[in-house]
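Asker: Got a sequence here, can you model it:
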Amino acid sequence: MRLVSRIIPAMAAFALASCGTGADDAVVDVAFIGSTEELFAENLRLASAGQHMRAATGEGLVALDAAGNVVPAAAERWIVTDDGLSYIFRLRNSDWADGSPLTSQTVRDSLQRTFAGLRGTSLGLDLAKIDEIRAMTGRVVEVRLQSPMPQLLQVLAQPELGLRRDGAGLGPMGVHREADIALLSPLPLESRGLPREENWENRIRQLRIRAMTAVAAVDAFENGEADLLLNGTLANMPLADTGALTRGTVRLDAALGLFGLLIRKDKGVLADAGRREAIAMAIDRETLLEPFNIGGWVATTRIVPPGLPDDIGTLAERWVDLDIEQRREIAAD
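Answerer: Okay, the predicted model is just below:
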């Protein structure tokens, strides 16, 4: 199943922060590693930059917060029937960008268009269990399933499933394009059907977003021209400063999985399982991680991380009673 947690909630929170590091404290400058075309893409096959933009300007029934938890968005609340085959969403009292009311019929139509456009994609396959979308009375939408789908809410929170009408979304931010730059501004809370907060206007910041190559984006961040740099990958890690401040400035998306060595050939030294085990024993994982200085990275000798389907509760850290010298001595034999 394809699940992507977007960083745009953190960007929106950054927009409400008290200050920035750039020259203009009224604007948070964001550098995206990617292309301008990806940033402003209008289709449903979005690269990472386009996913962030879509999540910022066109939220769905639900959304993911910065920690990856499902939170209300266009739907202020929902219930799930006991058999897991029906999800009933209550829409907030909000309007589309053109001022027309957000109704169950318009939401159903938006989702049906999106589902049709996603046919043949990996996300479309995730939606295959959806049998019907029903517009019920008032502001109630029902999603019926052919069989239970425990992670439906996470799928509905994906940016491609953001609600849009005539090319415009529901926010939480509005976008204005100036050449290759996107200016994002938080929409007024009352326009989104939310209670107005006192002095809200005094605490907001615009986001000024531009797409750059990895080298240019890192240079912009180091020179103070960008307050936030997004969409880096492990391939870009060598460009990042790994000095004393890295632990506070470089953040990694939480991901359930492992990094390791990929065996590319079934011949040679690594063809033998015993030799692979010896190499695994001899690797000093803690020392390998130290140069990156990234908080949250934990060395492990496990083959399957906790929580994955293949973890049946019997897998654990290996060689826990041996220090690295002892392990290497055994590996050498």
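Asker: Without its sequence neighbours, what residue ends up closest to Leu187?
Answerer: Leaving aside its sequence neighbours, Leu187 sits nearest to Gly171 (Cβ to Cβ, 6 or more residues apart in numbering; 4.2 Å). Any C-beta I mention is one placed from the backbone N, CA and C, and that applies to glycine too.
Asker: Specify the beta-bridge partners of that neighbour.
Answerer: Note on Gly171: beta-bridge partners Gly58, judged by DSSP bridges.
Asker: same thing with Ala31?
Answerer: Taking DSSP bridges, one finds Arg210, Leu229 as the beta-bridge partners of Ala31.
Asker: correct me, but the residue nearest to Leu187 touches Pro188?
Answerer: No: with contact defined as Cβ atoms under 8 Å, Gly171 does not reach Pro188; the gap is 9.3 Å.
Asker: what residues are up against Ser86?
Answerer: When contacts are counted by Cβ atoms under 8 Å, 6 or more residues apart in numbering, Ser86 is found next to Val80, Glu142, Val143, Arg144, Leu145.
Asker: and which of those residues is nearest to Asn236?
Answerer: Distance to Asn236, by Cβ to Cβ, is smallest for Val143 among those, at 38.0 Å.
Asker: Count the residues that sit near that closest one.
Answerer: Counted with other Cβ atoms under 10 Å, the neighbours of Val143 add up to 25.
Asker: And for the residue nearest to it when sequence neighbours are not counted, the neighbour number?
Answerer: Excluding its sequence neighbours, the residue lying closest to Val143 (Cβ to Cβ, 6+ apart) is Tyr87, at 4.5 Å. Per other Cβ under 10 Å, the neighbour tally for Tyr87 reads 22.
Asker: Three-state assignment for Tyr87, please.
Answerer: Assigned state for Tyr87: strand (three-state reduction, DSSP: H, G, I helix; E, B strand; the rest coil).
Asker: Now that it has come up, it's in contact with Arg77, right?
Answerer: No: applying Cβ under 8 Å, one finds Tyr87 not in contact with Arg77, separated by 11.4 Å.
Asker: All the strands of the protein, in order from the start?
Answerer: Ranges of strands within the chain are 27-33, 62-64, 70-72, 75-80, 86-91, 130-135, 140-145, 164-165, 168-169, 173-178, 181-186, 206-212, 228-230, based on DSSP state E.
Asker: Any regions of the stretch 101-250 of the chain where pLDDT drops low?
Answerer: Low-confidence segments of the stretch 101-250 of the chain (pLDDT under 70): 241-249.
Asker: again, only using 80
Answerer: 190-194, 196, 200-203, 234-235, 237-238, 240-250 (pLDDT under 80).
Asker: The nearest residue to Thr103 once chain neighbours are set aside: how many residues sit nearby?
Answerer: Counting by Cβ to Cβ, 6+ apart, the nearest residue to Thr103 once its immediate chain neighbours are dropped is Arg139, at 6.5 Å. If you count neighbours by other Cβ under 10 Å, Arg139 ends up with 21.
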